[in-house]
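Trainee: can you look at this prediction? I've put the sequence above it.
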Amino acid sequence: MVRTILTYPDPVLKKKAVPVTIINDATRELIRDMAETMYDAQGVGLAAPQIGVSQRVIVIDVSQRDERPELIVCINPVIIHGEGESYEEEGCLSVPKYSANVHRHERVVVKSLNLEGEEVVHRAEGLLAIAFQHEIDHLDGVLFVDHLSALKKEMFKKKYRRMTEEE
């Protein structure tokens, strides 16, 4: 089922999500809904808090639209190593119609659980590394705009307020 994606400045997006302690049918249904919602919105990642569920679950798929989907599901993901520097343009399904360059690690190693509760280690670089960092930030109540300088953040707030008032 496609769920509603919460948008800035919804206070739920600023809350830290709680770890998943039991992987059950409800967890699997949540992940199915998250994947459907992400694909429907044409995003490359989605965190559970973005649909109002305060659990540490993310889904990512950075495959091209003409390629076979490659869904990555991470339960309780943690970045255990990051290196290199990246400064790429990012957008977010929870901050529609806005993008900005963000400093991130170029490469990351992420540890998480899969749907069977087994520990999995993902080594990622480029867009996939950025997606991991972006979605894990959501689990900690951090939006990509929180990484902007104070001046750029103020400009974002004014511009975003104007955009939403016009709609």
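Mentor: Nice, thanks for sending it over.
Trainee: next, count neighbours for Ala150.
Mentor: The tally of other residues near Ala150 (other Cβ atoms under 10 Å) stands at 7. In this view, the C-beta of every residue, glycine as well, is placed from N, C-alpha and C.
Trainee: and Asn76, what helix or strand is that in?
Mentor: strand 72-83 (DSSP states H and E).
Trainee: show me the beta-bridge partners of Ile58.
Mentor: Ala47, Cys74 (DSSP bridges).
Trainee: tell me if I'm right that it and Pro49 touch.
Mentor: No. Here Ile58 lies out of contact with Pro49, judged by Cβ atoms under 8 Å, at a distance of 9.6 Å.
Trainee: spit out the residues that contact the two alike.
Mentor: 138-139 (Cβ atoms under 8 Å, 6 or more residues apart in numbering).
Trainee: those two: who's more crowded?
Mentor: Between Ile58 and Pro49, counted using other Cβ under 10 Å, the more crowded position is Ile58 (30 against 26).
Trainee: what's near enough to touch that one?
Mentor: By Cβ under 8 Å, 6+ apart, the neighbours of Ile58 are 45-48, 73-74, 77, 132, 135-136, 138-139.
Trainee: pick the one among those closest to Val20.
Mentor: Ala48 (9.0 Å; Cβ to Cβ).
Trainee: neighbours around the closest one, how many?
Mentor: Neighbours of Ala48 using other Cβ under 10 Å come to 26.
Trainee: over to Val78?
Mentor: For Val78, using other Cβ under 10 Å, the count is 13.
Trainee: which one is it nearest to, not counting chain neighbours?
Mentor: Residue nearest to Val78 in three dimensions, not counting chain neighbours: Lys111, with 5.3 Å by Cβ to Cβ, 6 or more residues apart in numbering.
Trainee: could I have the host helix or strand of the one you found exported to CSV, CA atoms only?
Mentor: Using DSSP H and E, Lys111 falls within strand 107-113. What follows is strand 107-113, C-alpha atoms only, in CSV (Å, rounded to 0.1, in the frame of the first residue of the first chain):
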residue,chain,number,x,y,z
ARG,A,107,32.4,5.6,0.8
VAL,A,108,30.6,3.9,3.7
VAL,A,109,30.3,0.6,5.4
VAL,A,110,26.8,-0.1,6.9
LYS,A,111,25.9,-2.9,9.2
SER,A,112,22.2,-3.8,9.5
LEU,A,113,19.7,-6.7,9.8
